[in-house]
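Visitor: structure for this input, please:
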Amino acid sequence: MREIGVNTWVWTSPLTDAGVADLLRRVAGMGFDAVELPLENAGDLDVAVVAEVLAETGLTPCVVGAMAPGRDLVDTSCVAATQDYLRACVDFAAGIGARSVCGPFYAATGRVWRMDADQRNAAYGDLRTHLAPVVDHALAQGVRLGVEPLNRYETSLINTVDQALTALEPLLGEGLGLALDSYHLNIEERSSADAIRAAGPHLAHVQVCGSDRGAPGGDQTDWPAFVGALDEVGYDGPLVIESFTADNASIATAASIWRPLAPTQDELARDGLSFLRSLA
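Guide: Below you'll find the predicted structure:
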């Protein structure tokens, strides 16, 4: 049975050593199999601290990065610092036994700009050049990067699976794949299931939430078709609920969470877990 996980952004941001043990115990106590750990800044989480609580709870770890302002692989002024940050994410993942590090690893989230075809191709070329050394580092560490397409309001560079495949094709393999999020697929793809099929063997990680960015289930998503497509392509990784709290000003603004998406964040997590279990 595919593991079910949850991102700690459901409750807090940033996740640090001070709160990680209590939160992971809560996640495990709810019955989740996996936990998605955002490393928003290098040094927020210590490998030894996190590894100890993972061993205690038995949770399977996943790692995601955050492309905050100033992190960008197509803006030459930001490339070196962004590469260093992504390498830190990879090293953290390797240290805690996570098999992937995922996120929109191309441009700062929220940065949008118009491009003609030639400009887009040039940006994709810059992305490949600047991402390649990070992919090499990930491969050496036994970790796979997963690049996530985002919706049109959060980026103008990679919105769809087809664009991701075009941009990344020469680099795709053991060190690099795609990370897909049902929320963004619902906005940008004509068929989420077909997009999953297009990603095929390159699918490294899957995040899920309702079409309103709340708990999966009872929303407009065709979940049987979504999960059926995952089965078709042989995806054996976890389904991770990624949602956000409206109580944290920075994360609410970044994710455009302007209202509560459930009576409590615990209920959001539990309802999503119950629904995803029912799909199996």
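Visitor: residue 76: neighbour count?
Guide: By other Cβ atoms under 10 Å, 10 other residues sit near residue 76. Any C-beta I mention is one placed from the backbone N, CA and C, and that applies to glycine too.
Visitor: so what's the nearest residue to it once chain neighbours are set aside up against?
Guide: If the residues on either side of it in the chain are set aside, residue 76 comes closest to residue 126, at 7.8 Å by Cβ to Cβ, 6 or more residues apart in numbering. Listed by Cβ atoms under 8 Å, 6 or more residues apart in numbering, the contact set of residue 126 reads 73-74, 76.
Visitor: and which of those residues is nearest to residue 24?
Guide: Minimum distance to residue 24 across the contacts of residue 126 is 30.6 Å, recorded for residue 73 (Cβ to Cβ).
Visitor: pretty sure the closest one is touching residue 132, no?
Guide: No. Between residue 73 and residue 132 there is no contact under Cβ atoms under 8 Å: 10.1 Å.
Visitor: what segments of the stretch 151-280 of the chain are helices?
Guide: 161-168, 182-188, 192-199, 223-233, 249-255, 265-279 (DSSP state H, counting those that start in this stretch).
Visitor: what's the closest of these to residue 91?
Guide: helix 161-168 (21.8 Å).
Visitor: mind checking which of the helices of the stretch 151-280 of the chain is nearest residue 9?
Guide: Per Cβ to Cβ, nearest to residue 9 of these: helix 249-255, 6.2 Å.
Visitor: buried residues, that closest one. List them.
Guide: Across helix 249-255, burial judged by 16 or more other Cβ atoms under 10 Å covers 251-252, 254-255.
Visitor: then stretch 267-280?
Guide: 268-273, 275-276, 279.
Visitor: residues in contact with that stretch?
Guide: Contacts of stretch 267-280 (Cβ under 8 Å, 6+ apart): 1-2, 4, 6, 10, 27, 30-32, 208-210, 214-218, 223-224, 227, 239, 241, 243, 261-262.
Visitor: and with 6 Å instead?
Guide: For stretch 267-280, the surrounding residues in contact (Cβ atoms under 6 Å, 6 or more residues apart in numbering) are 1, 4, 6, 10, 30, 214-217, 223, 227, 239, 241, 243, 262.
Visitor: check for me that residue 45 belongs to a strand.
Guide: No. Residue 45 sits outside any strand when classified using DSSP: H, G, I helix; E, B strand; the rest coil, being coil.
Visitor: re earlier: name the residues of the strand or helix carrying the residue nearest to residue 76 that are buried.
Guide: In this assignment (DSSP states H and E), residue 126 forms part of helix 117-141. The neighbour-count check on helix 117-141 (16+ other Cβ under 10 Å) flags 120, 123-124, 126-128, 130-131, 134-135, 137-139, 141 as buried.
Visitor: wait, residue 261 touches residue 214, no?
Guide: Yes. Using Cβ atoms under 6 Å, residue 261 is in contact with residue 214, at 3.4 Å.
Visitor: between the two, which one's more packed in?
Guide: residue 214 (23 against 19).
Visitor: just the pLDDT at that one, thanks.
Guide: Predicted confidence (pLDDT) at residue 214: the value is 97.
Visitor: and for residue 258?
Guide: 89.
Visitor: again, but for the one 10 residues further on
Guide: At residue 268 the predicted local confidence, pLDDT, stands at 98.
Visitor: quick check: closest non-adjacent residue to it.
Guide: Residue 268's closest residue in space is residue 262 (Cβ to Cβ, 6+ apart), at 3.6 Å.
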